[in-house]
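Trainee: Structural data only, the sequence is not supplied:
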């Protein structure tokens, strides 16, 4: 039987240094030469089973300490270097393993420092939100990525671009569609006749990792067959909007005044997405239909042949002066609770609503896929909102792939419930007591609390235990 060989030089060196031995002294005790021990410590020779047993008997070393991999520390380092600020620093994982093996205490220190940094950043964010709720502007912030800057700018501003709206409505009218005509067919015809661009759908094996790809050389726009017909329509509408509404998109982008090129590129994509929705659901026609249907999202998605998510986005844009709709806001959340898309007719209501409470129906929606959940919620200050939540399906997954499912929450002030079809579901149901976020919420006895509030000291009393693991005074 072949001998089991283990390369554990740094661990042998730590044991020797911990005992205060020289290489000569340890080599003599192990009945090997100092030069051979030196090669072992430099991982140029393996630890054989005989040497493992010798180390265990002479120095009372735990064999697990020598045989065990530094997987735990390496995985923690992997988490650190997966942060966007550090993700480009290492070419591969081998260096992480070497650090974890050669300097485990230093590796543990790096992990602790990183986690302290994340905790401090979270506390600064909580403090900034708390000050904002009290009417104080603050410049507290950590290092931000361009994506964070773009997202925050769009979330704070009203989700309405008058120049794009007017141009999209005029462009839609110029297509000359009759009732029942397919917008996707008309846009494909326009792209082909005006710009020589042909739209093609490609199978998964030909485009496994992309939603869309525009080939400038062959003048073809390729769309993945993973996309639903609604998402394919949006991709086609985005391409048409970038060509037909380029000046209006550029004007909105200039007004946002981003500094970095990457931020401008991301913002241009968001504005093109906005323009696509405006083209798919022209302002005047959509607002009239929404008011007739009392903002029934399913009726509107059938009327314009779009998806639930696309209508939810469009409802947040209805703020044309003199022709405004109900001021909705929306957010999209994944099953882990990450919120990655937020917008509002008047800006997303961070201060009052927050959107991070685990009791919101957007989280319950995952247990009831494709069902529309409606409820009234009440904030600690008495402010009320009507919320509508439903799951969304991502691109079509293959047999061996996990389905990507998110959930969208659409909300508005509870005072407007009589204007909305969903308001009738609230007749005999009391509002759910929620907060903006656990770290900013001071509700006592909340069964859903996941973090202590930053505004109150923890109530540590061995004689009394509350309902939450984070009792506070």
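Mentor: Alright, I've got the coordinates. Model, not experiment: these values are computed from the prediction.

Trainee: ok now do the most centrally placed residue in the chain, which residues does it touch?
Mentor: With distances taken as Cα atoms, centre = their mean, the residue of the chain nearest its centroid is residue 340 (4.0 Å). By Cβ atoms under 8 Å, 6 or more residues apart in numbering, residue 340 lies in contact with 151, 332-334. C-betas here are computed from N, CA, C, even on glycine.

Trainee: Could I get the pLDDT score of it?
Mentor: Listed pLDDT for residue 340 reads 86.

Trainee: which SSE is it in?
Mentor: When elements are assigned from DSSP states H and E, residue 340 belongs to strand 339-344.

Trainee: Would you mark the buried spots in that strand?
Mentor: Buried residues in strand 339-344, counted by 16 or more other Cβ atoms under 10 Å: 339, 341-344.

Trainee: What is the nearest of the contacts of residue 340 to residue 35?
Mentor: Nearest to residue 35 among those: residue 334, at 56.7 Å, using Cβ to Cβ.

Trainee: of all the contacts of residue 340, which two lie farthest apart?
Mentor: Greatest spatial distance in the contacts of residue 340: 151 and 334, 15.0 Å, computed using Cβ to Cβ.

Trainee: And the two? Which one has more around it.
Mentor: Legend: neighbour count by other Cβ atoms under 10 Å for residue 151 and residue 334, higher for residue 151 (20 against 14).

Trainee: The helix or strand the more buried one falls within - contacts with which helices or strands?
Mentor: Per DSSP H and E: residue 151 is located in helix 146-156. Secondary-structure packing of helix 146-156 (3 or more Cβ pairs under 8 Å, 6 or more residues apart in numbering; DSSP states H and E): helix 261-280, strand 339-344.

Trainee: Kindly reformat the ones you listed as CSV containing distance to residue 157.
Mentor: Output for the helices and strands packed on helix 146-156, formatted as CSV (distance: least, Cβ to Cβ, whole Å):
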stretch, distance to residue 157
helix 261-280, 11
strand 339-344, 9
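
Trainee: Compare the ones you listed and give me the one nearest residue 54.
Mentor: So among those, strand 339-344 is nearest, using Cβ to Cβ, at 55.8 Å.

Trainee: For residue 353, give me its contacts.
Mentor: 329, 379, 383, 385, 411, 436.

Trainee: how about the fifth one, what does it touch?
Mentor: Read it as residue 411. Counting by Cβ under 8 Å, 6+ apart, residue 411 touches 328-330, 353, 385-388.

Trainee: of all those residues, which two lie farthest apart?
Mentor: Farthest pair in those, by Cβ to Cβ: 353 and 388, 13.7 Å.

Trainee: Tell me which residues touch residue 381, please.
Mentor: By Cβ under 8 Å, 6+ apart, the contact list for residue 381 reads residue 352.

Trainee: Same check on residue 236?
Mentor: Residues near residue 236 by Cβ under 8 Å, 6+ apart: 184, 187-188, 191, 199, 221, 223.

Trainee: Format those as TSV; extra columns: neighbour count.
Mentor: TSV is the format used below for the contacts of residue 236 (neighbours: other Cβ atoms under 10 Å):
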residue	neighbour count
184	19
187	24
188	19
191	20
199	20
221	21
223	21
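
Trainee: Now do the helices in the stretch 151-300 of the chain.
Mentor: Ranges of helices in the stretch 151-300 of the chain, per DSSP state H, counting those that start in this stretch, are 162-174, 183-195, 229-244, 246-256, 261-280, 283-292, 297-304.

Trainee: can you pull out the strands in this protein?
Mentor: Using DSSP state E, the strands of the chain run over residues 198-202, 212-215, 220-224, 319-320, 323-324, 329-334, 339-344, 373-378, 384-393, 405-413, 432-433.

Trainee: and residue 47, which of the ones you listed is closest to it?
Mentor: The minimum distance between residue 47 and the strands of the chain falls on strand 329-334, with 45.3 Å, by Cβ to Cβ.

Trainee: The closest one versus helix 146-156: what angle between them?
Mentor: 140 degrees (axes from the mean of the first three to the mean of the last three Cα atoms, to 10 degrees).
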